[in-house]
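S.K.: Sequence and predicted structure, then a few things I'm wondering about:
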Amino acid sequence: PVIVRREDYRPPDWLVPEIALDFDLGAERTRVRARLKVARNGAHDRPLVLDAEGLTLVEVTVDGEAAEHRLEDERLTITVSTAAAVVETLVEIGPRANTQLMGLYESGGILCTQCEAEGFRRITPFPDRPDVLSRFTVCMAADKAVYPVLLSNGDPVGAGDLDGGRHWAEWRDPFPKPCYLFALVAGDLVANRDSFVTASGRTVDLGIWVREPDLSKTAHAMAALKASMKWDEETYGREYDLAVFNIVAVSDFNFGAMENKGLNIFNSRYILADAETATDADFDAVAGVVAHEYFHNWSGNRITCRDWFQLSLKEGFTVFRDQQFSADMGSRAVKRIEDVRVLRAAQFPEDGGPLAHPVRPESYIEISNFYTATVYNKGAELIRMMHTILGPERFRAGTDLYFSRHDGEAATCEDFVRAMEEGGGIDLSRFRLWYSQAGTPRIRAALASDDNGAATLTLSQQVPATPGQTEKQPMPIPLKVALFGADSGTKLEERLVMLEEERAEIAFSGLLERPVLSINRDFSAPVVVEAGRDLADLAFLSAHDDNAFARYEAMQQLMLDTLLRAVSGGPADHEPVIAAVRETLANPALDHAFIAEAVLLPSESFVGDHLAVVDPDAIRAAREALRVALGSALEGQWRAAYSATAANRFEYSPAAKGARRLRSVALGYLLGAGAEDAAKLAMRQFEDADNMTDRQGALTALVNSGAAERNTALAGFYDRYRRDPLVLDKWFTVQALSTRDDALEAVEALARHPDFTLSNPNRMRALVGAFAANQRAFHDVSGRGYRFLADMILAVDRLNPQTAARLVPPLGRWRRFDEGRAALMRAELERIVAAPGLSKDVFEQASKSLG
Ligand code: B3K
Ligand code: ZN
């Protein structure tokens, strides 16, 4: 397979300032006529080379004349002798047969497109690279009864009827854009319509298009869209730039959503939400993704990426923007806790494994494999660190400069950092290492104090070797640090420490009490900190730290240290954790949402990440023992928390969400402790719930238990929601994540369930993706879990390589496990790599995972 390298970037040979597309739409067969105005870029005599994948070529002309051309290796080479020309191509494609969901495809009777990263070449021959920007005009004709709604980017400029029950529509996008932002939708859709008046007084027509029965589930997405538009004006000075903004929801989608200019296309799970079918987490995700895609209009569309190695330029920045937005709309502390949890669960393992790559990668075989937690979430942490280092005002000066300087361009990560330096008046030379060096830095911190009020904080850092990068330089690391008085519990000192070198000593003086160290507050840097604090100091911080994140972190560390001791065979002393949780539950100053996060045990995989060799069974046993101990020791408090958070009627507000979250957590502990009436409580909650958060919370608790109510609840849930695919996904996931001994067999059986299908990415992830995250069942010593996953990967690869490739990384973690499991995981990876007809997507992930 061909390896694409960042250092090989060359500007395009030909530019395409304008393209006019003409679609004759049909599900079986669509004809696409494209008229490209091409212009030679610089002095050279190379031919025009267009990307073309899976197209049936009918005709090629240059300035109206039949032209010499060759279609070979997914490239259409055309001889053009002039400096500029009009090139016309006519191709045929088959949307219904397109199971990859890249290019033009059919989902539930709707024709829709997905072009990022390299899907446009599956629609028409084109220089499919993000640094070729064109003005698009799109004309579509289709059967009016089947496809009454015809949408594309920009503004509608005409529509009308045709003979034979057909009709047409034309759209024009005034903003030059790369072809990955092209979109088209044809379908039987209805819209939730609204409008937004921009800061400068222009009215924008908003539409969220769905199938008719889903219309009642679009209100939340619409509210989020309007809030995002306002927020981006206020926070970044960014105004929307077209008269129309449309969103379409489809059921079959490889990713979360796509920011096509003026026509976002969404996975329906990130649009549809109502109390009956969506959990609070779903509501939050809808708002977060709607905001994310909307924010791309500036960070991604007005300023796009020069090449795909620069992906984090738009994704890291846009994730940071959507995180800020969600923090502003809800609880800042809880949002930060959630974001860090995602980073640690998805990005840290990636950074420490065979697929580790820098935020700005150096090479790829298939770019789709680089839409990763590193590019997205670690990329967002890089922006956040710049925000921390510069402070909000200078950060804003930097983004203002970035937006004005590069508007209309295809830019690089380097352009962004330079704008931050110049706008913010700061030198970020060494900060650039964060873009080029992979691996999660490890920090050691030790605080030594004397009796005269002096203390020294000794910091050292080490960046681990990663594939292709053995030698690392020390990174500049912003650490928010504070010292608390051990007697009074008050804050003695607070500062932002920049660790620039491998080692540093920070001096403190005038401390009137023994200081306790609080470090990496707010998770100011995406690093692992080993501060060697004892359980007593951690318990102290969990009660006294005034930084909510640090307080949560202290509790997590306390729980983690306790679990690690138990896993390594030490005596299980649960008392310090119990005491700290007791105090947290009783603290009237804390809100429900925060308490719920703080009292949750670290996940099994997070515990495993701290072990030299992961032992899933020992981790499960230790965690279960601590859960039972907490449940029984604090039964009275769990009961009190459970009843205090009962609500009368569903409401989507931060307070109501926090109450529901704590209620679920409390129920989990009560069930874990084996409280006699716990299963009845859960069943009552399951039946009486007026919202999905409570219902799913009860179902999850029951599914993990041995209670007789378990099967009743599962069957009841299935009967009630079998016709709602998004809710049925939850039914699959809850069982795939079951902590019971029979989880593996249950999952194998579910893969044969009539409602399971390989062709829908959401359903695949709901069952197979969730199962691969089930630490105990997936890592069953027999290797059956590994075999199941490998079978699924191979089966889905024939239909949809992107979805298949995303399931490979769990097998790539073999190095972290005992020899027996490691050998079994490797064997499955080898079986995958050897399979005939493998996609390059899966080949890249599986072969690198073996490496
Ligand atoms: N930009 C899209 C990415 C889709 C690419 C899929 N290979 C989603 C997003 O980050 O907004
Ligand atoms: Zn994005």
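M.R.: Here it is on my side, so go on. Ligands and ions are numbered 1, 2, ... in the order given.

S.K.: how about residue 133, what does it touch?
M.R.: 176, 177, 178, 304, 408, 410 (CB atoms under 8 Å, 6 or more residues apart in numbering). For glycine as for every other residue, the C-beta is placed from the backbone atoms N, C-alpha and C.

S.K.: Excluding residues flanking it in the chain, which one is nearest it?
M.R.: residue 176 (4.0 Å; CB to CB, 6 or more residues apart in numbering).

S.K.: Okay, now the sheet partners of the strand or helix carrying the one you found, with direction.
M.R.: Residue 176 belongs to strand 166-177 when assigned by DSSP states H and E. Under the criterion DSSP bridges, strand 166-177 sits next to strand 134-143 (antiparallel), strand 155-161 (antiparallel) in its sheet.

S.K.: Alpha carbons of the longest one, as PDB, please.
M.R.: Only the C-alpha atoms of strand 134-143 are listed here, as PDB (Å, rounded to 0.1, in the frame of the first residue of the first chain):
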ATOM      1  CA  SER A 134     -13.900  26.100  -5.900                       C
ATOM      2  CA  ARG A 135     -17.100  27.900  -6.300                       C
ATOM      3  CA  PHE A 136     -19.800  25.300  -6.500                       C
ATOM      4  CA  THR A 137     -23.100  25.400  -8.500                       C
ATOM      5  CA  VAL A 138     -25.200  22.300  -8.100                       C
ATOM      6  CA  CYS A 139     -28.200  21.300 -10.100                       C
ATOM      7  CA  MET A 140     -30.300  18.200  -9.200                       C
ATOM      8  CA  ALA A 141     -33.100  16.400 -10.900                       C
ATOM      9  CA  ALA A 142     -35.100  13.600  -9.300                       C
ATOM     10  CA  ASP A 143     -38.400  11.800  -9.000                       C
END
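
S.K.: can you give me the offset of that strand from its chain's centre?
M.R.: 31 Å (CA atoms, centre = their mean, to the nearest Å).

S.K.: Who does the helix or strand that that strand is followed by pair with, and is each partner parallel or antiparallel?
M.R.: Remark: after strand 134-143, the chain's next helix or strand is strand 149-152, criterion DSSP H and E. Paired strands of strand 149-152, with direction, are strand 184-187 (antiparallel) (DSSP bridges).

S.K.: ok, residues contacting the strand it pairs with?
M.R.: In this structure, residues lying in contact with strand 184-187 by CB under 8 Å, 6+ apart are 23, 25, 104, 109-113, 138, 140, 142, 147-152, 209, 248, 263, 265.

S.K.: Next secondary structure element downstream of it?
M.R.: Counting by DSSP H and E, the element after strand 184-187 in chain order, helix or strand, is strand 190-197.

S.K.: Quick one: name whatever helix or strand follows that next one.
M.R.: Heading C-terminal from strand 190-197 (DSSP H and E), you reach strand 203-210.

S.K.: which bits of the protein sit near ligand 1?
M.R.: The chain comes close to ligand 1 at residues 116-117, 254-255, 257-259, 292-293, 296, 315, 368, 371, as judged by CB under 6 Å from any ligand atom.

S.K.: ok, then the element right after the helix or strand encompassing residue 416?
M.R.: Assigned by DSSP H and E, residue 416 belongs to helix 413-424. Downstream of helix 413-424, the first helix or strand assigned by DSSP H and E is helix 433-436.

S.K.: How far off centre is the strand holding residue 176?
M.R.: Worked out by CA atoms, centre = their mean, strand 166-177 lies 31 Å from the chain centre.

S.K.: So for it, what gets flagged as buried?
M.R.: Residues of strand 166-177 classed as buried by neighbour count (16 or more other CB atoms under 10 Å): 166, 167, 168, 169, 170, 171, 172, 173, 175, 176, 177.

S.K.: Give me the pLDDT value at the first one.
M.R.: So the one you mean is residue 166. On the pLDDT scale, residue 166 is placed at 98.

S.K.: what's the spacing between residue 158 and residue 576?
M.R.: Using CB to CB, to the nearest Å, residue 158 is found at 71 Å from residue 576.

S.K.: Ok, residue 633 next?
M.R.: 12 Å.

S.K.: and residue 91, helix, strand or coil?
M.R.: strand (DSSP: H, G, I helix; E, B strand; the rest coil).

S.K.: Thought residue 53 was touching it, still the case?
M.R.: No. Applying CB atoms under 8 Å, one finds residue 91 not in contact with residue 53, separated by 10.7 Å.

S.K.: Those two: who's more crowded?
M.R.: Taking other CB atoms under 10 Å, residue 91 and residue 53 do not tie; residue 91 has more neighbours (23 against 17).

S.K.: tell me the contacts of the more buried one?
M.R.: Residue 91 neighbours (CB under 8 Å, 6+ apart): 31, 32, 34, 52, 55, 56, 57, 58, 124, 125.

S.K.: Only whichever of those are buried, select them in ChimeraX.
M.R.: In ChimeraX syntax, the buried subset of those is picked out as below (16+ other CB under 10 Å):
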select :31,32,34,52,55,124,125
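
S.K.: Can you list which of the contacts of residue 91 are found in strands?
M.R.: 31, 32, 34, 56, 57, 58 (DSSP state E).

S.K.: Among these, which pair sits farthest apart?
M.R.: 34 and 56 (13.9 Å; CB to CB).

S.K.: re the thing from before, for ligand 2, tell me which of the residues of the chain next to ligand 1 show up nearby.
M.R.: Among the residues of the chain next to ligand 1, proximity to ligand 2 is found for residue 315 (CB under 5 Å from the ion).

S.K.: So the residue sitting furthest away from the middle of the chain: helix, strand or coil?
M.R.: Note on the chain: the largest C-alpha distance from the chain mean falls to residue 452, namely 49.3 Å (CA atoms, centre = their mean). For residue 452, the secondary-structure state derived from three-state DSSP is coil.

S.K.: Can you tell me the element residue 241 falls in?
M.R.: Per DSSP H and E: nothing holds residue 241, as it lies in no helix or strand.

S.K.: got a list of what it touches?
M.R.: With CB under 8 Å, 6+ apart, residue 241 has these contacts: 175, 297, 302.

S.K.: Using TSV, lay out these together with pLDDT.
M.R.: Shown next, in TSV, are those (pLDDT from 0 to 100):
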residue	pLDDT
175	98
297	99
302	98
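
S.K.: Reformat the strands paired with strand 166-177 as TSV; add distance to ligand 2, mean neighbour count and mean pLDDT.
M.R.: Shown next, in TSV, are the strands paired with strand 166-177 (distance: least, CB to the ion, whole Å; neighbours: other CB atoms under 10 Å; pLDDT from 0 to 100):
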stretch	distance to ligand 2	mean neighbour count	mean pLDDT
strand 134-143	21	21	99
strand 155-161	24	12	98
